[in-house]
Structure formats: structure tokens, C-alpha cells
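Enquirer: Here's a sequence, model it:
(2 chains)
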Amino acid sequence: MTDDIFQGYKGDALDVLKKYKVRVWGQAKVETTRGTFEGTVLPRAENDDDQHIVVKIITGYNIGIDIRTITDMKETGYKKANYKIPEKQFPVTPGLPKVKLFGTGGTIASRLDYRTGAVIPAFSPGELYGAVPELADICNLETEKVFAVFSENMGPKQYIALAKAIGKEIENGIDGIVVGHGTDTLHHTGAALTFMCQNLPVPVVLVGSQRSSDRPSSDAALNLMHAMKAAGQSDIAEVMVCMFGPTSDEYGLLHKGTRVRKMHSSYRSTFRTIGDTPLARINRKEIMPIKKKYNKRRNDRNVKILPYFSDEVTMLYYYPGMKPDTLDAMVDAGYKGIIFVGTGLGHVNKELYPAIERAQAKGVHMFMTLQTIWGYVHMFVYDTGRDMMAKGIIPAGNMLPEVAWVKLSWILGQTSDPKKVKEMMLTPINDEITLREPYNGYLVYQGGVPDVDEFVRKVYK
Amino acid sequence: MTFNPKKNYEQTRKKAGYVPRKKATPKTYSDIGFMSGLEVHQQLDTREKLFCHCPSGIFHASDDYDAELKRHMRPTLSELGEYDGTALMEFKTRKEIFYRIKNDSACTYEVDDTPPFPMNREALGVALEISLLSKLNVVGEVHITRKQYLDGSIPTGFQRTAILGVEGELSLPHKRIRLIQLSIEEDSCREISDIGHIRVYKTDRLGMPLIETVTYPDCETPEEVKQTCDYIRFLNRSTGKVRTGMGAGRQDVNVSCRGGSRVEIKGVAHTKWIPELTHNEAFRQWSLLLMKDMLLKKIKNPDEWKIGYEELPAHVLHNVNLPEHAEQLMAVNLPGFKGALSWFTQPGQMFADELAGRLKVIACIEHPNMLHSEELKPAVPEEQWQEIAQLLDGGTDDAQLVITGPSEDIKTALETVEERCQMALKGIPNETRKSFEDGTTVFERVLPGADRMYPDTDSAPIPLDDDYIQSLKKNLPEDIIDRYEQLKTWEVPEDTYTYIFSKNYFPIIKQIVTELNTDPKFTGVFFGHDLKFAEGHFKGADVLYGTKLFKLFKFLKEENLHPELAKRMLPHILSHPKMDFASVLNEMNFKRISKEEILPKIAILNHKFKMGKDKIIDKDRINWVMGQLRPQAVGNIGLTELSKEVKNRS
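Expert: Have a look, this model is predicted:
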């Protein structure tokens, strides 16, 4: 542990600071072979090297000084920054719905973290109100930090904690729930909560942002407004993901937690409903339904919380020439369930057959999903498919691979009876398998085609 | 006694001591404490943009785009936990911002849908060369910073920028100018339109590498500001690695007068506009300070000063021609402001224009957005103003105005008017102003401060080790001041320097002089006068590269022809850029004549000149004979030599 007064500095750079008795947040005059530099010494990100000292100069810019060029250094003052998002009392407006926001981390509201140089979440109704005052016109807000992890660190423990917290809030009479969440695994959580929180009487809306709220063009504020509106005012009592429709500040989409997927690493409009249409469109003025059928909001509080999750399920992403030892390794490691992500209609090569047989003999539950993302598993079309079914692999319809992993984990947390597992997997809870794929459920247009380019020119993508 | 706005305007102008720039002397400026510094922007000539791999320097017409998208900007906290003033003002304006994207010139990075790629190293190298030439202390590690711009000119809401050096110095011929810093940054969007609540930009220029050189406010006269700016531009160009042409170099000029504030005149495209702009700005501030004194004599509690307002029923102004957007008429009383609205600020402008300018930008109400009681050409008759004053409970020392605009903007408009008037009681507001060709300016934005900086969490710092800096130092061109001194030693006339430096012809002149032993003065004049003239008169002259001119002088030397021939060849070379030099001579009907053939002609011409004349003035004789001989002599014999021969052979 380094002293707090040298926050983030290590090795040679730390030695230099100690030698000249200059602290982080100290105002310093630094003499170097490249000339004199003056400014406030800032903390250094943990993963950066130990050869430079970061200084904020008077014009507000940051620069790094190479310690090998330093000939002298003097602390002339000290001024610690008091970084605080302005907090304002979130006003209570009679007549507005009561919405609970669960914080889990992520970039909905965040500030700078000197340790990593990245952003860390900041979160309280007051902070949120300070940053997005429009929220007070939508609902009466309460917040609770359930835990603070980055999206990629969300997992079974967090799903269970969230599901329980949601159950409790509903019992307490909340009108809607928003979960602030990092976007990377937002769709995993969407599926998990759909299975864990059944018969919901109120909306549960998952929301994140693709551009952190420390930037003026962030999608966070608008996403948050949409999510609060969906939670407080919509009559869709389902687990939904609410994120930008197009990349423009135009409207949001409400996706079912079981059919949504993150499809671009950085676009604002990254979330897409796969193999179906979204539930609704939403802007600051109205909620415009797209699907006609959905679970309606109710006044009762009869939610069923099923907080189960097994950590013995894994996924196998097939590639041509895959050797059986990869599958054997999973079985030997003790995994009880395997979601195959196969090619085409749901295939793997014959070489894997002996390993599949060994897995079947050990009672491993195996389901087939698709690398194509869109479409159904059809294992009757070719011999290989029929062979695999004979060896115990069960086609999972048009369930998305990640959703299948979540669902099998949830099921194996409750039973290991093969018949029961199969029945539960193939009986949809909320459209994780649909019977029909609408024509507009698959839309991946090809840029460069004149008609498409014409469309792109006119429509917000 | 009725108040006469026109008279007031003239009187206040006189009071400020305003004189046209031509009549101003250095004392004029020292009297008002003129002070000015520069932020000079220069695009770098790189293949790709700064933070993505889009090609740099491809431009499109405003209606030529593949997609359009919409964003809003929201203020965020700075690193030190403060909101920036401009940010809050921009948020008040509630603009919908549209971006037009063309696939040829922009990718998902420009529209903030992809994080930045590592900084373009070619651009960094050029920017560092210029930093070294500017005698700056080069940083040890480059930290990319986000500088907030909520006007929408950058879709992220901030500009990625990084300091490369601090505390430098330029040696101008007559003065030293200190530099604050030099940064490398991404260029912004080009604005297409800004009407009401909608602003449209195109993204072609966005992301191009740019450097910004910032000086201390060391300039004490408008002319000095221009000289400094030219010097910085020439220094940038001396690397041969920066872009030239429309928009490739732009400057923001900071001006203040004694007791005034730093006001930034944004995006001045030509250095020749600088003197007039800075002159007017210094006097605008000076005059506004005098207005403050006048107001404070009448207003005893400036901290409690407030406007009064009342909505006008539509019929009150039934006889006035109102703009279409005048949905609501809001009458405003400005206590104690009589005589302020028509107070001189700039040629053709008065304090009321400061209010109207802010109404347009902050409240988004298009011009005309207000009527007032001190208009030089009153649209509302005097009696009606009295009626309005009565409605507002206005006293004899008050001024009135009527805001005419969409109802939804009136609230912001009232705040804007009140805020600007309160500022008038304190001094000169820090702001950025947009310039016009006539040398006047209008309000553009509140001047942002250091609070809009934020570390870029998407990029890692870039170390600059000593070996790298040393390798850059090896390839630097000489200082502009050294080039200046060299031209002076060569006796090249000073009026050629601007052109030579702005086109970066010095290296080629030097090469011609040293390698071909051409007369330096002649060569300098050839570039600074003849080439400049030719460029202005022949199409395609701008593609004439220095190397071609070197080859021309080399050709003449090898052919044993006098360099003076180059002047005559120039128009032909420009008209026929593909023709080789020998063919150019054919095309000109140039004939080789030896010195031995030319000199005897002097005697014959002398005879001809003297025929029938009683009195011979020798100067006339020389001129006439030279005139006769010049066409055939040029290239074959040096004209100085010939002139000497003519003189001697009377």
C-alpha cells in the first residue's frame, strides 16, 4: 500500500516525489532538462508506468513529466480537488409513480477514478437529480445500491441478490423498478431476472449507457429518463431492457429480457431484439407499443421469486476441426450442463461424437443453440443432426445461446432430473423460445446497396 | 427635453475617444491599455485524421451526405468537480444538433459511436517539430484531455486535445512574444446552419489534426497582433508539413483594454482582418466601461438591480411590423438604463445590439428579436414607448424594450436580458465573439474556462523519450527570424517577405542561390514579386512547385543563359505546365545571340537616337537604347552588364 498522499505512484516516480517532498494535489514547480513546468500534481493511474509524474497546468490541461529529466522540484502550495457531483434533494411530487432504482455499477452515473484512470459510478437520488433534473417530472425516485460491480463482473450471486431485492420492493408496493447496469452483460441479467422474477405485477427495466455520463453527448440521461418512464408509467409488467433505438437522441426501445442481445461493441443503438420485434418504442412524451401481446401491469403483489442458479453450466462454441478433448475437459471438470453453440442449423463435426457419448453417459444435460444468432435449430434436416439428438443433445429452438446458458443454469439450480430439465428448458417462460418468427424479426441490411443507402440517408439508424 | 438616441450615440463615441484605425497612433492604444494575444490554429498535412483512420482533407458540399443523426449536449463536471460557465449557458439554449455524415470522410468515430484509436503518430511528429521550433518546453508524456464544447461542434461534446509544450518564445524582428503553450487537437465540424433551436453541422473536417499555438497577451497594437500571427503561420509553414488554403489556418484573437476582460474573437480566417477587429474590440470594451461609470452614478445598489416585465397585449403594437416568430410580446423595463441602449460600442453598433446578440444565441430567437426605446430609426413611435413605460411603471431614467419571440423562449430571454444588464454594471463579460469582414463582432458564447477540461479516459498517455525528441531536432528547418535576417543580408526587399514565408519559398531560394550561384537579391525578387504577380494572373499557378523553379534556374545555368530569362519564361511555363523548358523557349521565339553580336548594336542605336536632336540627355539615351535592346538581350546578357556597356559607349 502506498500512502494516500502519493496516490497511484509507485517505483521510481514515487521515489522522486518522496525525494523532493511533493505530494499529490501539491502545487509544484518542476525544473527539468526540457525546461520548467508548473502545476498541480495529480494522482496516477495504477497501470501506467513509474517513469512519469502527472501535472495539471494552469490552463487546465494535464501533462506528464519524465522523471529522468527532473533536476529539481518544489512544492509551493496544496489544493486537493473536491470532486463531487452536486447533490440536490430529489423532489417528491404527489401523483407521480414511485420508482425504485437499483444501482449495480456501470456507467449510468459515473465520475473519474484515478486508480484506473477510468470512470467509477456515482449514485444517489440527489446526485442523479443534480445531473438529470428532468427525472423529477417523471417519477418519485428512490435508489438503493445493491452492489457496485462492472458489467463483466455481474454473475450468479448478483442475479440472486437482485431478484430478491426486486421481490421485496414489489411487496412494499413500488410502481416500477429500474436496474442501472453496465451494458456488456445487460442481456444476461435480463434473461436471469425474467426466469427468477415470474408473474411480475410491475415493470422491471434494465438500463445502461454506451457513453459514460461524464461526457456531454452521453446517452445516459436520455436512457434513464426513458427507463424511469417505462417503469413508472408503462403497463408492460415484464423484465425489459431499455436502450437507444437509433444512435440519434431520438427514441428508446423496450426489449424483452429474453430476446435482447448486445450487437455492437460501442454503438449507442447496440441492443437489438433478435428473431422478433421489440415490445415498444419510447420517448420522453409517450410509449408506443410495437407488440400487441404482453404481460399487463396488475395491482396485486403476487410475484414469484425463484432465486436459483447453478454454477455448473458451461458453453461450447464450436469451430471446424474441434477435437473431442475440449468437450471431455468440460465433463471431467464436473460441468453438469453444456450449451452447444453450433454452426448452421445446429451442427458440430463427427469427431466430437465419442466425447458427446461420454458426456451423455455421465448424465450431462446438453442443448444446442446457434452461432447464426437468428433462426431455429433444425436437427432433423441432416443426418448429423439426427445423430447428435440420438446422443442426447436437445435442440433449443430459437433460444439465444446466452439465454440458454442462463436458463439451464437457473433450472439446474432447482432440479437435475433429465425429463424435468428438458421440459423446463423447452417450455418458454417469456418468449425465450417463440413459435413463430415474424418476417421483420430478421433485419440485417447490407450497406452499399442503393436502396439501403437511400433508407439510411432518411432514417435514423 | 426629449432624449435623442442619435446624438447620444455620437456623444458616447466621442467620449470613448474612438478614432478610425487609420488615424490611430501607438499612443491611442497605450491610452486605453490595448492588450492582445493569439490562439493560432493550423491544420497538419497528414494522410489520416488524428484519432481514426479516415482520410484527412476530403470536403463535401452541405447537401451531399449519406446519413444524418441528432444529438443533445448536457453539461458534465470537470475533473475538479466544477461545472463550466459556457456549458451551463449552452444547456440553457436547448439546441437540437444534427450531423451530416458522408462515408468517404467520416466513420463511427466521428459521431462518437466508436472510442478513439491511438493518436496519429505522423501528426504528433509534425506538431512536435513545430513545438521545438517555437522553443517550447516539450512535455515528457502526452496526456489526452477532453475539452468540453457544448455548442455541438464536436459530436462527443468535447474536443480531444493534448499539450505538447509550454512556455516558449518567438523572436519577431522588433519584439519577443512569449508563448503559453502548444497543443495538438482534433478539428471540429463545419457549421451549415443555426436557426432557432436547430443547428446543423457536417463532419468532413471533424477529426483532422490541428495544432493550436497560444501566446501571452504581449501585443500592444493591432498591427503587432497581425505581425505575430503572420510569424506563427510562417513558422508552421516552414516545416512544409502543414495544410494551406481556405480554413487550414484560423486564429482566435484575445483582446482587452485596461480594466476590461479577455474577449476572444473566434475563427478569424485572414490575418489582414486582425488589426481592424482588435482595434474595434478594444474600443468596445473601453466604451462599455465608460457606460458602467455612467450607470453606477444612477444605480445605487447594482447587486440588487432587476428588470421589470409585463406581457404586452397584441394590440399595443398593432401598427408595427413584427417578425413571424413574434408569438409573444414581452415588455421589459431597465431601471436607470436611459442612455445605455444607444451607447456606442462599435461602428454601427450600440449596447442594445449586445442584448439582441445574446437573445439570438442564448434564447434562440432569430433577429429581429427586440424593439427598444433608443433605436436610431424608431419602429415604435415615442408615444407608444411612453405607454409601455407606464405599463411597466418605468421612471424617467429607465429604458424599455420589447422582446418579440416564441412563447417557449421568453423565459430564457428575460433571464438573458437581465443577466447582460447586470454584467454591464460590473464590467466587461468574458465572451467569445464572431467576426465580420467589416471589423465588427457579435456575441457568440460565454468564454469557457479551465473547468471544462477532463482527462480522456479512453486513451493512454504517450511517453516522449529524449531519443525521439533528439531525432526530431535533427531535421528542423532554420528559424523564421534567421531566414528573415538572411533575406535582409541578401538585400531582398522587405515587401517580398510575407509572400516568400507564407508560401515557404525560402528553402528553394536558398538552394538556388547556394547551388547555382544565382544573385540572391534577384532570386528573392523573382519569387517575391514576379512569381507572386504571375500567380495572381495565371490559372494553375498554385500548382507550380518550388522544385520546378529550381530546375528552371538549373536549366538556364546549364544552357549558359542568364537567369533574367526566367522572368520572361514564367508566364509561358504557367500557361503550358507540361511543356519542357527548351520548348518553352521555342514557343517564346527566343533567339540565342552572343554578347559579341549585341554590343556593336549600341553604336548603331546611339546614332539613331541622336539623329535630329540638338541636345542629348545621356539618361534618356541609355533608357531608349536599353529599351530597344532588352527584348533580344534578356537571357543572353545580364541587363546590369548591358546597361553598363550602354552607359560607357556614349
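Enquirer: Kindly tell me how buried B:Ser471 is, as a neighbour count.
Expert: Residues within reach of B:Ser471, counting by other Cβ atoms under 10 Å in any protein chain shown, total 10. (C-beta placed from N, C-alpha, C; glycine too.)
Enquirer: can you tell me the helix or strand for it?
Expert: For B:Ser471, the host element (DSSP states H and E) is helix B:466-474.
Enquirer: pLDDT averaged over that helix, what's the number?
Expert: For helix B:466-474, mean pLDDT rounds to 95.
Enquirer: for stretch A:160-178, same thing?
Expert: 96.
Enquirer: List the buried residues in stretch B:428-446.
Expert: Of all the residues in stretch B:428-446, those buried under the rule 16 or more other Cβ atoms under 10 Å in any protein chain shown are B:428-435, B:439-446.
Enquirer: contact partners of the helix holding B:Ser471?
Expert: Helix B:466-474 is contacted by residues A:Thr33, A:Arg34, A:Asp66, A:Arg68, A:Thr69, B:Gly125, B:Leu128, B:Glu129, B:Leu132, B:Val138 when judged by Cβ atoms under 8 Å, 6 or more residues apart in numbering or on different chains.
Enquirer: Next, count neighbours for the nearest residue to A:Glu238 once chain neighbours are set aside.
Expert: Leaving aside its sequence neighbours, A:Glu238 sits nearest to A:Asn295 (Cβ to Cβ, 6 or more residues apart in numbering or on different chains; 5.2 Å). Neighbours of A:Asn295 under the rule other Cβ under 10 Å: 17.
Enquirer: Okay, now the sheet partners of the longest strand anywhere in chain B, with direction.
Expert: Longest strand in chain B by number of residues (criterion: DSSP state E): strand B:158-171. Using DSSP bridges, strand B:158-171 pairs in its sheet with strand B:137-138 (antiparallel), strand B:145-148 (antiparallel), strand B:176-186 (antiparallel).
Enquirer: Which positions in that strand come out as buried?
Expert: Buried residues in strand B:158-171, defined by neighbour count with 16+ other Cβ under 10 Å: B:Phe158, B:Gln159, B:Arg160, B:Thr161, B:Ala162, B:Ile163, B:Leu164, B:Gly165, B:Val166, B:Glu167, B:Gly168, B:Leu170.
Enquirer: cool, stretch B:477-491 as well?
Expert: Buried residues in stretch B:477-491, counted by 16+ other Cβ under 10 Å: B:Pro477, B:Asp479, B:Ile480, B:Arg483, B:Tyr484, B:Gln486, B:Leu487, B:Trp490.
Enquirer: Report the two of the buried residues of stretch B:428-446 separated the most.
Expert: Taking every pair in the buried residues of stretch B:428-446 and measuring Cβ to Cβ, the maximum separation is 22.9 Å, between B:Gly439 and B:Val446.
Enquirer: Tabulate the CA atom coordinates of stretch B:348-359 in CSV.
Expert: The C-alpha trace of stretch B:348-359 is given here as CSV (Å, rounded to 0.1, in the frame of the first residue of the first chain):
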residue,chain,number,x,y,z
GLY,B,348,-22.7,50.9,-36.4
GLN,B,349,-23.5,49.1,-33.1
MET,B,350,-24.7,50.1,-29.6
PHE,B,351,-25.4,48.4,-26.3
ALA,B,352,-28.8,47.3,-27.4
ASP,B,353,-27.1,45.1,-30.0
GLU,B,354,-25.3,43.3,-27.2
LEU,B,355,-28.7,42.3,-25.8
ALA,B,356,-30.1,41.3,-29.2
GLY,B,357,-27.0,39.2,-29.9
ARG,B,358,-27.4,37.3,-26.7
LEU,B,359,-31.1,36.8,-27.3
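Enquirer: what's the burial count for B:Phe609?
Expert: Close neighbours of B:Phe609, defined as other Cβ under 10 Å, add up to 17.
Enquirer: Compute the distance between it and B:Met626, please.
Expert: Distance, B:Phe609 to B:Met626, using Cβ to Cβ, to the nearest Å: 11 Å.
Enquirer: tally of neighbours for A:Thr384?
Expert: Counted with other Cβ under 10 Å, residues neighbouring A:Thr384 total 18.
Enquirer: now swap in B:Asn589 and tell me
Expert: B:Asn589 has 6 neighbours, counted by other Cβ under 10 Å.
Enquirer: And for the one 10 residues further on?
Expert: Here the count is done by other Cβ under 10 Å, and B:Leu599 has 17 residues near it.
Enquirer: Please apply the same query to B:Asn236.
Expert: Neighbour tally, B:Asn236, other Cβ under 10 Å: 29.
Enquirer: ok, now how distant is the residue lying closest to A:Pro246 once chain neighbours are set aside from A:Val241?
Expert: Of all residues beyond its chain neighbours, the one nearest A:Pro246 is A:Tyr460 (3.6 Å), with distances taken as Cβ to Cβ, 6+ apart. According to Cβ to Cβ, A:Tyr460 and A:Val241 sit 19 Å apart.
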